[in-house]
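Novice: based on what follows, work out the 3D shape:
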Amino acid sequence: MELFGWIGFVLFQVFYIPQVVKVIRSQDATGLSLPSWLILWVALLLYLVYSIYRRDPVFTVGNAAGLVQASVMLFLIRRYGRRRQG
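Specialist: Numbers count the residues shown, from 1 in each chain. Presented below is the predicted three-dimensional model:
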């Protein structure tokens, strides 16, 4: 069963890649909701604390990686949240 957890972890991490690439290439994040990503970031942080407490390696690694990727998205949203006029 742990294999299913690791497969889910990998798929969850792959989920972020197309969005990050799109925002970086277009330098535009106007369609993304900052509050939604902030809620996700807080949820991942809390889930990470809980998974560390539970000593669950799959969820600890998954939530830590998700937190990093959500942080990247928050940075990109702040940087490219408004389309640059130019």
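
Novice: tell me which stretches of the chain form helices.
Specialist: Ranges of helices in the chain, per DSSP state H, are 2-26, 34-54, 57-80.

Novice: got those as JSON lines, with mean pLDDT columns?
Specialist: Converted to JSON lines, the helices of the chain look like this (pLDDT from 0 to 100):
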{"stretch": "helix 2-26", "mean pLDDT": "88"}
{"stretch": "helix 34-54", "mean pLDDT": "96"}
{"stretch": "helix 57-80", "mean pLDDT": "94"}
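
Novice: tell me which of those helices is the most buried.
Specialist: Compared across those, helix 57-80 shows the largest average neighbour count, a mean of 17 (mean count of other C-beta atoms under 10 Å). The C-beta positions use only the backbone N, C-alpha and C, and glycine is treated the same way.

Novice: wait, V20 sits on M73?
Specialist: Yes. Taking C-beta atoms under 8 Å as the contact criterion, V20 and M73 are neighbours in contact, 6.6 Å apart.

Novice: most centrally placed residue in this structure?
Specialist: A70 (2.8 Å; C-alpha atoms, centre = their mean).

Novice: the nearest residue in space to that one that is not next to it in sequence: what's it in contact with?
Specialist: If you skip the residues right next to it in sequence, A70 has W41 as its closest partner in space, 4.5 Å away by C-beta to C-beta, 6 or more residues apart in numbering. Residues counted as contacts of W41 (C-beta atoms under 8 Å, 6 or more residues apart in numbering) are L67, A70, S71, L74.

Novice: quick one: which of those residues is nearest L3?
Specialist: Using C-beta to C-beta, L67 comes nearest to L3 of the contacts of W41, at 23.2 Å.

Novice: next one: the residue lying closest to L48 once chain neighbours are set aside from F4, what distance?
Specialist: Taking C-beta to C-beta, 6+ apart as the measure, L48 lies nearest to N63, with 3.9 Å between them; neighbours along the chain are not counted. Relative to F4, N63 is positioned 17 Å away (C-beta to C-beta, to the nearest Å).
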